[in-house]
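In: Just the structure for this:
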Amino acid sequence: MGYLLLAGAIAAEVSATTAMKYSDGFSKLWPSLLTVLGYVVSFALLAQTLRTLSIGTAYAIWAGVGTAAIAAIGVLFMGEGLTAAKALGIALIIVGVVVLNLGGAH
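Out: This is a model prediction of the structure:
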């Protein structure tokens, strides 16, 4: 159940960060409200996740997967360029999350 809650926390965080882009510096009401709501939901789910997963593992996965997802969304949907360095960085984040899980850090 912890990983399911963590997946929800990541989805809420990614949604909130994407909405933040469209809030235009919090000058647009609905994207701004979605940003705040998304982060509240994300933190609430992350807090519930910490009941069953270690904080180091949960936070590393939450931050790493969220960062990789936002970078991919930027490239795929927002016209950001994909440099070799950016691709390597995303790959290293993914590898780090996998290593944390395989290393028995839960």
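
In: ok, and for the longest helix anywhere in the chain, which residues are buried?
Out: Across the chain, the longest stretch assigned as helix under DSSP state H is helix 55-77. Within helix 55-77, the residues scored as buried using 16 or more other Cβ atoms under 10 Å are 57-58, 60-62, 64-71, 74-75. Heads up, the C-betas are built off the backbone N, CA and C, glycines and all.

In: Residue 97: neighbouring residues, count only.
Out: Neighbourhood size, residue 97 [other Cβ atoms under 10 Å]: 18.

In: what's the answer for residue 39, then?
Out: 17.

In: Looking at the buried residues of helix 55-77, spot the one nearest residue 30.
Out: Residue 30 has its nearest neighbour among the buried residues of helix 55-77 in residue 70, at 19.8 Å by Cβ to Cβ.

In: Looks like that closest one contacts residue 11 (just checking).
Out: No - counting by Cβ atoms under 8 Å, residue 70 does not reach residue 11; the two are 11.9 Å apart.

In: Look at the residue with the largest distance to the centre of the chain and tell me its secondary structure.
Out: Within the chain, the residue lying farthest from the chain centre (Cα atoms, centre = their mean) is residue 27, at 23.3 Å. Following DSSP: H, G, I helix; E, B strand; the rest coil, we place residue 27 in the coil state.

In: As PDB, could you dump the C-alpha coordinates of the worst-scoring helix or strand of the chain on mean pLDDT?
Out: Lowest by mean pLDDT, DSSP states H and E among the helices and strands of the chain is helix 84-102, with a mean of 89. Output of helix 84-102 as PDB, limited to C-alpha atoms (Å, rounded to 0.1, in the frame of the first residue of the first chain):
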ATOM      1  CA  ALA A  84      22.700  14.900 -24.000                       C
ATOM      2  CA  ALA A  85      23.400  16.200 -20.500                       C
ATOM      3  CA  LYS A  86      19.600  16.400 -19.700                       C
ATOM      4  CA  ALA A  87      19.000  12.900 -21.100                       C
ATOM      5  CA  LEU A  88      22.000  11.600 -19.000                       C
ATOM      6  CA  GLY A  89      20.700  13.400 -15.900                       C
ATOM      7  CA  ILE A  90      17.200  11.900 -16.300                       C
ATOM      8  CA  ALA A  91      18.700   8.400 -16.800                       C
ATOM      9  CA  LEU A  92      20.900   8.800 -13.700                       C
ATOM     10  CA  ILE A  93      17.800   9.700 -11.600                       C
ATOM     11  CA  ILE A  94      16.000   6.600 -12.800                       C
ATOM     12  CA  VAL A  95      19.000   4.400 -12.200                       C
ATOM     13  CA  GLY A  96      19.400   5.900  -8.700                       C
ATOM     14  CA  VAL A  97      15.700   5.100  -7.800                       C
ATOM     15  CA  VAL A  98      16.100   1.600  -9.100                       C
ATOM     16  CA  VAL A  99      19.300   1.100  -7.100                       C
ATOM     17  CA  LEU A 100      17.700   2.300  -3.900                       C
ATOM     18  CA  ASN A 101      14.900  -0.200  -4.400                       C
ATOM     19  CA  LEU A 102      17.200  -3.100  -5.300                       C
END
